[in-house]
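> Model the structure of this input:
(2 chains)
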Amino acid sequence: MKAYLALTVLFFRDLVRRRMLWLLVAVAAGSIAFNYFLAREVGSLVEAGNSYDVALREAAVVFHHFTRTLLPGIMLVVAGVAVLVAPESRRNGTTQFVLSVPLRRRSLALSQFSAIAIFIVLSVLVAHVGVAFAGWRIGVITPEQAALSWIGLLVPVLIVAAVVFALSLVFSVPATLLTFVGVPALVALATSVIRQTRILDSPFLVKLLEQTAFLFPKPENIVAWPRMPLELLQLGRPAPDWSLLAVHEVCTLLFWFVLGAWLYRRHNFGSRTALK
Amino acid sequence: MSDRNRKRSPLSYETSLRRSATDPALTAGNAGPTESPDPPRASERWSDVDEQGPVAESSLLVPRPEVQEPEPRIEMREGESYDLIGSDAAADLMVEVHDLHMIFARGLREPVHALRGVNLSVERGSVMGLLGPNGCGKTTTLSCVLGLLNPQSGSIEIDGDDVGDRGLDPLKRRYGAVLEDTRLPPFLTVRESLELVCTMCRLNGFDWKYEFDRVSQECGITGLFDRQINELSKGQARRVGLAAALIGDPPLLVLDEPSSGLDVAARVEFDEILRKLHNGKRTVIIASHFLGDVQNTCTHVAVMRDGRMMVAGSTETLLDLTEADENGRHRSNIFVEERFLPVLAREGIACTTSHYAGLVQILTERPDEISIPLLVAAGVVPRRVEPRVNLVSVYMELIHEEDGRGEEVE
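Just a heads-up that it's a prediction; the model follows:
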């Protein structure tokens, strides 16, 4: 345990050295900017002669639109951060040094992920607090709902980070990003193009694309953020088809995680790729 | 092309080694000078050889006592690899590598066969120098030994335990390593780095001070504890890396090009530390390009080329054995310019191509024969005279063997 903690601190300091703190600064600045934007929006509506209630309702619409857009963005940023560390780490001198002392590879990966997780938790916390505070000021979210949805956001985010990190342990940054971002986006684009333009309008092709899309996780579909009402939690699910979606997302995430972990067991820590 | 002029293959080289190793008349230490008559003059000898051919040469020119040939200590194996020579076959081995194959993928390009059946035995308490040109497989071999790479086939044993695909971790405490790419975390101080290693070696706080004192004295880093790694010079950083590898007092130390990038003074200092570290107890494997350092530091040497182990054995044995060619003649380490070839041919002095451009190497019957007076008398001025066979000449001979060098010149 001591060794694990020492390594986590080491990799955390390594991340700090690699300017990852700027991510936190950027998120904090974004949160402040969003709060300022909403306050100015309410103020300008009131100045335009609207009642305060109308101004708050307008601001709530903006708020919900923004958070709906932000959630997939958070997932993308998390994937982007999680994918950056392992390929760099396994080639740098610090990792090579760590590998030359008594240490299991899984301990190395676990401590690297722990260091990333600390950054992700801090970043998501800053973003969540910023958004929740803005929502609370315009009256669309209560502190209890914010606290509850924080857990609902953090857990999927960490799972996504773990999955992306697991695959990035053996794949390069472009390959991993292509897997989790590029391919799903291309599949969605191709599906919509086929449906809209009727080019290659083959049911088989559309079904194939849809099934392919099922292979890739979309965790934003099951996250109720930034507002998770207590009533929905008491019902057991925040949406009618939430259970099915959740099972599907868990399966896809598990698939990629197991694939990454399995490949990592067979991975060589050389600068070149060994044939199996 | 005569037998003597044919290009020597690794097999022929190995044969000459075997002869030298087992034939007391060819081995420097067992030359038996009292039993050999005075050799005839060079002109007589080489003219006889030219007429009668290489078969008659040994019996005619250097009468050897009838001795029962002992069991050869070199065995030729498939894949042109060699066993340890000049050492006891039943020696206590710290590291044993058998038939190691490693292939690297290169996308759509042809894969690289980095290791082609490497065999290596490292005796406990020895210092093994791993030599070879860039890309010959030294680092790959060491990476396999350390478990950073999983070979496609072959076996590796450390201290008698087989290192399987995933069976390495429990063995890791048994070695310390300083790899070529290894850099201590630059944002840590020396003390923090060593504390980190102590933590990962599961040493408790009471042991830390003892370990710090021990490794700091062994590696000469006493005054560096509070300095950051990125403030250290390259030589100091290398010594700190060595100290980190010595935490826990591992019986095996693996160093991959530890002297690369160091200036001469730092290299000498580092070699001195290595010699002190050895003390006949710790086993050390060093991959290096500095042959002089290896010769001074290592008790054993292995030479690799193209993913194969060309030869391996004790340093002294290698230096003694590699003088004799397949005809029982020794490279004299006297080099003359090629323009003297007609004179040499006229005088019947045999010579061979060398790794020095424009120079040929004189061949002699005995390793201790002084040919300079003969050459001077014949009007040939030696261009280069090496004091004795050194690791550089042995290494160059091995490395250039298949390049067409080493062919006898008429």
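> Just give me the residue right at the centre of chain A.
A:Met75 (2.5 Å; Cα atoms, centre = their mean).
> and B:Met310, backbone torsions?
Here is the backbone geometry of B:Met310 (degrees, to the nearest 10): phi -70, psi -50.
> That one contacts B:Tyr395, doesn't it?
No - if you go by Cβ atoms under 8 Å, B:Met310 and B:Tyr395 don't touch, sitting 9.4 Å apart. Backbone N, C-alpha and C define where each C-beta goes, glycine included.
> shared neighbours of the two, anything?
B:Val303 (Cβ atoms under 8 Å, 6 or more residues apart in numbering or on different chains).
> on that earlier part again, quick one: contacts for the residue nearest to the centre of chain A?
Neighbouring residues of A:Met75 by Cβ under 8 Å, 6+ apart: A:Val157, A:Val160, A:Pro219, A:Glu220.
> State the distance from B:Thr139 to chain A.
9 Å (Cβ to the nearest Cβ, to the nearest Å).
> Let me know how buried that residue is, in neighbour terms.
Neighbours of B:Thr139 under the rule other Cβ atoms under 10 Å in any protein chain shown: 23.
> Can you tell me the element it falls in?
Secondary structure from DSSP states H and E places B:Thr139 in helix B:138-146.
> Next SSE downstream of that helix?
strand B:153-158.
> At which residues are the strands of the stretch 151-276 of chain A located?
Taking DSSP state E, counting those that start in this stretch as the criterion, the stretch 151-276 of chain A carries its strands at A:273-274.
> Just the pLDDT at the closest residue to A:Pro184 other than its chain neighbours, thanks.
Spatial nearest neighbour of A:Pro184, chain neighbours left out: A:Phe216 (4.1 Å); criterion: Cβ to Cβ, 6 or more residues apart in numbering or on different chains. pLDDT recorded at A:Phe216 is 89.
> So what does B:Met304 have for phi and psi?
Per degrees, to the nearest 10, the backbone of B:Met304 is at phi -110, psi 150.
> Residue of the stretch 201-350 of chain B nearest chain A, please.
B:Cys201 (5.7 Å; Cβ to the nearest Cβ).
> didn't that residue look like it was pressed against B:Gly248?
Yes - between B:Cys201 and B:Gly248 there is a contact at 4.3 Å, judged by Cβ under 8 Å.
> How about chain B: which residue is closest to chain A?
For chain B, Cβ to the nearest Cβ, closest residue to chain A: B:Arg183, 2.8 Å.
> can you pull out the helices in the stretch 151-300 of chain B?
Taking DSSP state H, counting those that start in this stretch to define them, one finds helices in the stretch 151-300 of chain B at B:190-200, B:205-219, B:234-246, B:264-278, B:291-297.
> Any chance of CSV for those, columns mean neighbour count, mean pLDDT and distance to B:Glu365?
Formatted as CSV, these follow (neighbours: other Cβ atoms under 10 Å in any protein chain shown; pLDDT from 0 to 100; distance: least, Cβ to Cβ, whole Å):
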stretch, mean neighbour count, mean pLDDT, distance to B:Glu365
helix B:190-200, 22, 86, 56
helix B:205-219, 15, 81, 48
helix B:234-246, 23, 86, 46
helix B:264-278, 16, 79, 36
helix B:291-297, 19, 78, 26
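> give the contact list for residue 252.
Assuming you mean chain A. A:Phe214, A:Leu215, A:Phe216, A:Pro217.
> that's the wrong chain, I wanted chain B
Neighbour list for B:Leu252: B:Met94, B:Val95, B:Ile158, B:Asp159, B:Arg174, B:Tyr175, B:Gly176, B:Arg282, B:Thr283, B:Val284, B:Ile285 [criterion: Cβ under 8 Å, 6+ apart].
> List only buried entries from these.
In these, burial by neighbour count holds for B:Met94, B:Val95, B:Ile158, B:Asp159, B:Arg174, B:Tyr175, B:Gly176, B:Arg282, B:Thr283, B:Val284, B:Ile285, counting by 16 or more other Cβ atoms under 10 Å in any protein chain shown.
> residues touching the second one, list them.
Pointing back at B:Val95 there. B:Leu120, B:Ser121, B:Val122, B:Val145, B:Ile156, B:Glu157, B:Ile158, B:Leu252, B:Thr283, B:Ile285.
> Try it again at 6 Å.
B:Val95 is in contact with B:Val122, B:Ile158, counting by Cβ atoms under 6 Å, 6 or more residues apart in numbering or on different chains.
> now swap in the fourth one and tell me
Applying Cβ under 6 Å, 6+ apart, one finds that B:Asp159 lies in contact with B:Met94, B:Arg174.
> Check the secondary structure at B:Val112 for me.
strand (DSSP: H, G, I helix; E, B strand; the rest coil).
> Helix or strand: which one has the closest residue to it other than its chain neighbours?
Of all residues not flanking B:Val112 in the chain, B:Phe104 sits nearest, at 4.5 Å (Cβ to Cβ, 6+ apart). For B:Phe104, the host element (DSSP H and E) is strand B:93-106.
> Please export the C-alpha coordinates of that strand as CSV.
Written as CSV, here are the backbone C-alpha positions of strand B:93-106 (Å, rounded to 0.1, in the frame of the first residue of the first chain):
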residue,chain,number,x,y,z
LEU,B,93,25.0,-19.7,-13.0
MET,B,94,23.2,-16.5,-12.0
VAL,B,95,21.6,-15.9,-15.4
GLU,B,96,21.0,-18.5,-18.1
VAL,B,97,19.5,-17.5,-21.4
HIS,B,98,18.6,-20.3,-23.8
ASP,B,99,17.6,-20.0,-27.4
LEU,B,100,16.0,-16.6,-27.2
HIS,B,101,14.1,-15.3,-30.2
MET,B,102,12.5,-11.9,-30.4
ILE,B,103,10.8,-10.4,-33.4
PHE,B,104,9.5,-6.8,-33.6
ALA,B,105,6.7,-5.8,-35.8
ARG,B,106,7.1,-2.7,-38.0
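> relative orientation of it and strand B:153-158 in degrees?
With axes from the mean of the first three to the mean of the last three Cα atoms, to 10 degrees applied, the angle from strand B:93-106 to strand B:153-158 works out at 140 degrees.
> Quick check: phi and psi at the closest residue to B:Tyr356 other than its chain neighbours.
The shortest distance from B:Tyr356 to any non-neighbouring residue, by Cβ to Cβ, 6+ apart, is to B:Phe335 (5.8 Å). Main-chain dihedrals, B:Phe335, degrees, to the nearest 10: phi -120, psi 130.
> what's near enough to touch B:Phe335?
B:Ser354, B:Tyr356, B:Leu359, B:Gln361, B:Arg383, B:Arg384.
> Helix or strand for the fifth one, just tell me which one.
In this assignment (DSSP H and E), B:Arg383 forms part of strand B:382-385.
> what comes into contact with that strand?
B:Ile334, B:Phe335, B:Val336, B:Glu337, B:Leu359, B:Leu375.
> And the pLDDT for A:Ala60?
88.
> That one against A:Gly139, yeah?
No - using Cβ atoms under 6 Å, A:Ala60 makes no contact with A:Gly139, being 7.6 Å away.
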